[in-house]
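A.B. asks: Give me a 3D structure for the following:
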Amino acid sequence: MPIKIQDSLPAQKILEDENIFVMTEFRAMHQDIRPLQVLVLNLMPTKIETETQFLRKLSNTPLQVEVEFMQTESYKPRHVEELHLETFYTVFDEVKDRRFDGLIITGAPLEKTRFEDVVYWRELCEIMEWSKTHVHCMLHSCWGACAALYYHYGIKRVVLDEKYSGVYEHQTFKKKSPLFRGFDDVFYMPHSRSFSIRPEDVAEHPELEIMAESNEVGIAIIKRRDSSQFFVLGHPEYDSKTLKREYERDTLKGMNPPVPEHYFPDDDPEKKPMVRWFSSGQLLYSNWLNYYVYQSTPYDVGAIDGNEEHVKDDDPS
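C.D. replies: The predicted model follows:
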């Protein structure tokens, strides 16, 4: 089944060229299927690039998924055409009376800024509070994960002296979890962050569990035991050249960034990056959609109220 997006979204042409099945609004209107309603709060300045990355991961499932993008109202990005935002994005006031099967909150380039100093922090807190009663299952990415752990549980990040940048090997803690169906014994994930989360801080919250970690960069995935919230500290959605673009951008700014680890062959930025995370990244999002969203969300999306049952993580089905 396809992913359903708005007509003329720039990502449509890119995804179709990659042989990804995309359904526009016009065609979907003629199908009598209740698609999953997934809202993406896109906090990244590179709006179109981030849209395309997440749509890739949400597309390759047997489910029809209707994706909407939301931006913050209290802060307007400077590097995106206003027409693009007006055409393809909504704001919280326009959706706060609706229910959604899934919500994704992306990362943001604010890793060393105090949460309370972020321009849109109050708005983000309002959205995260709203999600408890209006969204069936939440997935938070990188800075979005860190912000959500702080807001919901008071877990503070540890700011690093040197940024984690590269593609790292990870191990899972629950191999039989539906989240890791189809995974190998080890899997790879890109990271691009200047913070970490301490295991002992997570351990203080019995409602949370660590799902995957890396020997080099620590905790990678956390979830609520009731499967209503997921926190992914890496970037399984990155495309093959994202880390390369970040490295070149920071180099041009004179920031003297370290070469991303385990990414360029022989650590040579002149060589083509080695991709080792596409399959696990696709599985991660497909499994999240199928087992944690679709399997337990009410058929009537309007019935979502935060009290519905979620899939047990040890459920063999």
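A.B. asks: so where do the strands sit in the stretch 1-150 of the chain?
C.D. replies: Ranges of strands in the stretch 1-150 of the chain, per DSSP state E, counting those that start in this stretch, are 3-5, 22-24, 36-41, 65-70, 89-90, 100-105, 135-141.
A.B. asks: Please tabulate the ones you listed in TSV and include mean neighbour count as additional columns.
C.D. replies: Backbone N, C-alpha and C define where each C-beta goes, glycine included. Listed next are these as TSV, based on neighbours: other C-beta atoms under 10 Å:
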stretch	mean neighbour count
strand 3-5	25
strand 22-24	18
strand 36-41	23
strand 65-70	21
strand 89-90	18
strand 100-105	24
strand 135-141	26
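A.B. asks: what's the closest of these to residue 205?
C.D. replies: strand 135-141 (15.1 Å; C-beta to C-beta).
A.B. asks: Show me the contact partners of that closest one.
C.D. replies: Contacts with strand 135-141, where a contact means C-beta atoms under 8 Å, 6 or more residues apart in numbering, come from 39, 99-107, 131, 147-149, 227-232, 235, 237, 288, 292-293, 296-298, 304, 306, 308, 310.
A.B. asks: Write a PyMOL command that selects only the buried members of those.
C.D. replies: To isolate the buried members of the contacts of strand 135-141 in PyMOL, using 16 or more other C-beta atoms under 10 Å:
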select buried, resi 39+99+100+101+102+103+104+105+106+107+131+147+148+149+227+228+229+230+231+232+235+237+288+292+293+296+297+304+310
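A.B. asks: For residue 126, find the nearest of the strands of the stretch 1-150 of the chain.
C.D. replies: Nearest to residue 126, of the strands of the stretch 1-150 of the chain and by C-beta to C-beta, is strand 36-41 at 11.6 Å.
A.B. asks: Given that closest one, what are its sheet partners and their directions?
C.D. replies: Paired neighbours of strand 36-41 in the sheet (DSSP bridges): strand 65-70 (parallel), strand 100-105 (parallel).
A.B. asks: Would you mind putting those into TSV with distance to residue 178 and mean pLDDT alongside?
C.D. replies: TSV is the format used below for the strands paired with strand 36-41 (distance: least, C-beta to C-beta, whole Å; pLDDT from 0 to 100):
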stretch	distance to residue 178	mean pLDDT
strand 65-70	18	95
strand 100-105	15	98
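A.B. asks: that older thread, which of the contacts of strand 135-141 fall within helices?
C.D. replies: 131, 147, 148, 149 (DSSP state H).
A.B. asks: Secondary structure element for residue 190, which one?
C.D. replies: Using DSSP states H and E, residue 190 sits in strand 186-196.
A.B. asks: what ranges of the stretch 51-200 of the chain fall below the confidence cut-off?
C.D. replies: The stretch 51-200 of the chain contains no residues with pLDDT under 70.
A.B. asks: Now do the longest strand along the chain: distance to the chain's middle.
C.D. replies: Assignment by DSSP state E gives strand 158-172 as the longest strand of the chain. Averaging C-alpha positions (C-alpha atoms, centre = their mean, to the nearest Å) puts strand 158-172 17 Å from its chain's average.
A.B. asks: in it, what's buried?
C.D. replies: Within strand 158-172, the residues scored as buried using 16+ other C-beta under 10 Å are 163, 164, 165, 166, 167, 168, 170, 172.
A.B. asks: Cool, thanks, talk later.
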